[in-house]
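Undergrad: just need the structure, nothing else, for what follows:
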Amino acid sequence: MWAQREVYFLTFRSGNEMTREEIRDEIIDILQDIAPDEDLSGLDDKTTFRDQLEMDSMDFLDIVMELRKRYRIQIPEEDYPHLASMESTINYLEPVMKDMQRVS
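TA: So this is what the prediction gives:
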C-alpha cells in the first residue's frame, strides 16, 4: 500500500518577490517539523539556532534537506555557516528565493 505524503510544487511569481517575512515563516515551518517540541515563539533572529534550540548537526542537515525538497535549493556545504541564525539564513536565502513560492 502506498504511504500518503505531502507533495510540494515549485512555482514562480511574476513580479511579486517572496518577502523576508515569508522566508522566515518557511524556516519556522521547517524548524517546527524538525523540532516539534521546541517553543519557537521567542526565537531571536540574531542568535544562532544552536544557542537557542536543542539541535544537533543532523537536525541542521534536515533544514538543508527540507529546503532542497521544498524549493530545490542546493546549498553547498561551504555555505552552511550562512544558515547559523534566522537573520543570516534569511539574508542568504532572500536572493535565491525571491521568485519562488511553495504550493502544497
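Undergrad: okay, CA-based contacts and neighbour counts for the rest of this
TA: Will do.
Undergrad: show me where pLDDT drops low in this structure?
TA: Within the chain, the stretches with pLDDT under 70 are 1-16, 99-104.
Undergrad: contacts only, for Thr89.
TA: For Thr89, the contacting residues are 82-83, by Cα atoms under 8 Å, 6 or more residues apart in numbering.
Undergrad: from Asp56, how far out is it?
TA: 17 Å (Cα to Cα, to the nearest Å).
Undergrad: ok, Arg68 next?
TA: 19 Å.
Undergrad: can you tell me the centre-most residue of this protein?
TA: Centroid-nearest residue in the chain: Ile27, 3.4 Å away (criterion: Cα atoms, centre = their mean).
Undergrad: can you pull out the helices in the chain?
TA: 20-34, 49-52, 57-71, 86-97 (DSSP state H).
Undergrad: same for the first one, what does it pack against?
TA: In other words, helix 20-34. Counting by 3 or more Cα pairs under 8 Å, 6 or more residues apart in numbering; DSSP states H and E, the packing neighbours recorded for helix 20-34 are helix 57-71, helix 86-97.
Undergrad: what's the most buried one of these?
TA: Ranked by average neighbour count under the criterion mean count of other Cα atoms under 10 Å, the helices and strands packed on helix 20-34 are headed by helix 86-97 at a mean of 18.
Undergrad: between that helix and helix 57-71, how many degrees?
TA: Counting by axes from the mean of the first three to the mean of the last three Cα atoms, to 10 degrees, helix 86-97 points 30 degrees away from the direction of helix 57-71.
Undergrad: mind checking how far helix 86-97 is from the chain centre?
TA: On the basis of Cα atoms, centre = their mean, to the nearest Å, helix 86-97 sits 9 Å off its chain's mean C-alpha point.
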